[in-house]
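A.B. asks: A predicted structure for the sequence below; I have some questions about it.
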Amino acid sequence: MSAPSSPPAASGRSGAAVPAILILIAGSAVALLTFGPRSVFGLFLLPMSQEFGWGRDVFGFAVAIQNLLWGVGSPFAGALADRFGTVRVLCCGALIYAAGLALMAYATTPGLLHLSAGVLIGFGLSAASFNLVLAAFGKLLPNEWKSIGFGLATAAGSFGQFLFPPLTRGLMDTIGWHETLLVFGASLLIVLPFSLALSTRAAAPSAASAAQAPQQTIGAALSEALRHPSYVLLVLGFFTCGFQLAFVTVHMPAFLVDKGMSLSVGAYTLALIGLFNILGSLTAGYLSNRMSRKVLLSVIYAGRGIAIAVFVMSPITATSCYVFGAAMGFLWLSTVPPTSGLVMLMFGTRYMAMLYGFAFFSHQVGGFLGVYLGGEIYEATKSYDWLWWLSVALSFASAAINLPIRERPVHRPVTV
């Protein structure tokens, strides 16, 4: 891929242009640092539940709240970033996220756990995650770099998932789970300087879009999107992605312990998901520029259904877990580049953070149900079987839902 003749400019307070490569590095660092701690909550389920005598439903409900509030807050965080710029929102989100991790270290009651791991971390993630990085990339990078930038940001989050599970196990064995959470909270403060390279102002529409909708407001943009059938189908399909990711991230380690595996096998399985998702995300970013995005999404969802079905029907061994981790990892966040690319194709970049945020809300409603039902159904049946097969059914439903999507910009009457 050839570089553009002149780098894109991200005007901060100084008005200085930021080179495209620096934007990519900074955004990838933010994605890594914010997604890494989020990906290892499943490793805290058993230690915290055993220490305080909780059922798995208590921890599951806390992370379910987190997923839901992450989704609820994302459209508002996106709208604030569209209106006031990315830096302020990212910095506030990182500070709230860090406070949630610090309080979680001292959460000795279900209420404190729900406040810290649920409310604070959920809202912190909504304002400090790769959602805003994707939107900043959409505004700051030249057109020929956008799709690969989306893939790179997603892959960086995946590298966080590869890096943090073994790091978490090592820290927990060395200094304990309480102190591990404090270390992760402190690491989020690194997001603050990196966010400066992603400085964006309120987006000004291009000449073409100005001719089409010169006075479009945030409310009008949202109303337009929600009346667009293809956007609605995209949002509904994204529900499955959140359901599966949240369920596997939180309950997979405990599921493997139930099957006779060690907690370390769960950590390494999560790490393999992160490692192979780097390849999957970059591949999806590359393919999003070269094939139908809706077809790519359908293939990804169908592939997940096949991978999960084969895994649950096979004997559970360390090898089968690692193979499943690699297969699922390749398909893990590979939905993000084509999904964000379709939002940008349909509606442009002006309100992309908000519109992708609403799609992500559907993703997080799925995440809420995946984690919550995992805890509730396990406590009722002492098994996760229902959840695994529900994940398979949702995979094929989403593969079908994405096929009718029309891949073209929304039609707006030209104002003369």
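C.D. replies: Yep, that arrived. Residues are numbered from 1 along each chain as shown.
A.B. asks: For the residue nearest to Val312 when sequence neighbours are not counted, give me its contacts.
C.D. replies: Of all residues not flanking Val312 in the chain, Trp388 sits nearest, at 4.5 Å (CB to CB, 6 or more residues apart in numbering). No exception for glycine: its C-beta is placed from N, CA and C like everyone else's. If you count contacts by CB atoms under 8 Å, 6 or more residues apart in numbering, Trp388 has them with 308, 311-312.
A.B. asks: following the helix or strand of the chain with the lowest mean pLDDT, which helix or strand shows up next?
C.D. replies: Lowest mean confidence among the helices and strands of the chain (mean pLDDT, DSSP states H and E): helix 207-212, at a mean of 43. For helix 207-212, the succeeding helix or strand toward the C-terminus, using DSSP states H and E, is helix 218-226.
A.B. asks: What residues sit buried inside that next one?
C.D. replies: Neighbour-count burial for helix 218-226, counted by 16 or more other CB atoms under 10 Å, picks out 218, 221-222, 224-225.
A.B. asks: Which strands or helices does the helix or strand Leu33 falls within pack on?
C.D. replies: Assigned by DSSP H and E, Leu33 belongs to helix 20-38. Under the contact criterion of 3 or more CB pairs under 8 Å, 6 or more residues apart in numbering; DSSP states H and E, helix 20-38 touches helix 86-104, helix 121-127, helix 130-140, helix 143-175, helix 177-187, helix 191-195.
A.B. asks: Is it possible to get TSV of those helices that adds mean neighbour count?
C.D. replies: Below are the helices and strands packed on helix 20-38 laid out as TSV (neighbours: other CB atoms under 10 Å):
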stretch	mean neighbour count
helix 86-104	22
helix 121-127	28
helix 130-140	28
helix 143-175	22
helix 177-187	18
helix 191-195	19
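A.B. asks: Relative to Val257, which of those is closest?
C.D. replies: For the helices and strands packed on helix 20-38, the distance to Val257 is smallest for helix 143-175, at 13.2 Å, taking CB to CB.
A.B. asks: quick check: angle from that closest one to helix 130-140?
C.D. replies: If you take axes from the mean of the first three to the mean of the last three CA atoms, to 10 degrees, helix 143-175 sits at 150 degrees to helix 130-140.
A.B. asks: how big is the angle separating helix 143-175 from helix 20-38?
C.D. replies: Using the same axes, to 10 degrees: helix 143-175 against helix 20-38 is 40 degrees.
A.B. asks: what packs against helix 143-175?
C.D. replies: helix 20-38, helix 42-52, helix 130-140, helix 177-187, helix 263-287, helix 336-347.
A.B. asks: out of the ones you listed, deepest packed?
C.D. replies: Among the helices and strands packed on helix 143-175, helix 130-140 has the highest mean neighbour count (mean count of other CB atoms under 10 Å), at a mean of 28.
A.B. asks: now it against helix 86-104, angle please.
C.D. replies: Going by the same axes, to 10 degrees, helix 130-140 makes 170 degrees with helix 86-104.
A.B. asks: which helices and strands does helix 130-140 pack with?
C.D. replies: Packed against helix 130-140 by the contact rule (3+ CB pairs under 8 Å, 6+ apart) you find helix 20-38, helix 56-84, helix 86-104, helix 143-175, helix 336-347, helix 352-381.
A.B. asks: ok, now with 10 Å
C.D. replies: Counting contacts by 3 or more CB pairs under 10 Å, 6 or more residues apart in numbering; DSSP states H and E, helix 130-140 is packed against helix 20-38, helix 56-84, helix 86-104, helix 143-175, helix 191-195, helix 336-347, helix 352-381.
A.B. asks: ok so, going back, nearest to Arg290 among the buried residues of helix 218-226?
C.D. replies: Scanning the buried residues of helix 218-226 for proximity to Arg290, where the rule is CB to CB, the winner is Ala225, at 25.7 Å.
A.B. asks: And that closest one, how far from Phe361?
C.D. replies: 12 Å (CB to CB, to the nearest Å).
A.B. asks: Show me the common contact partners of these two, please.
C.D. replies: Counting by CB atoms under 10 Å, 6 or more residues apart in numbering, the common neighbours of Ala225 and Phe361 are Val235.
A.B. asks: Which of the helices and strands packed on helix 20-38 sits closest to Tyr286?
C.D. replies: Across the helices and strands packed on helix 20-38, closest to Tyr286 is helix 143-175 (CB to CB), at 6.6 Å.
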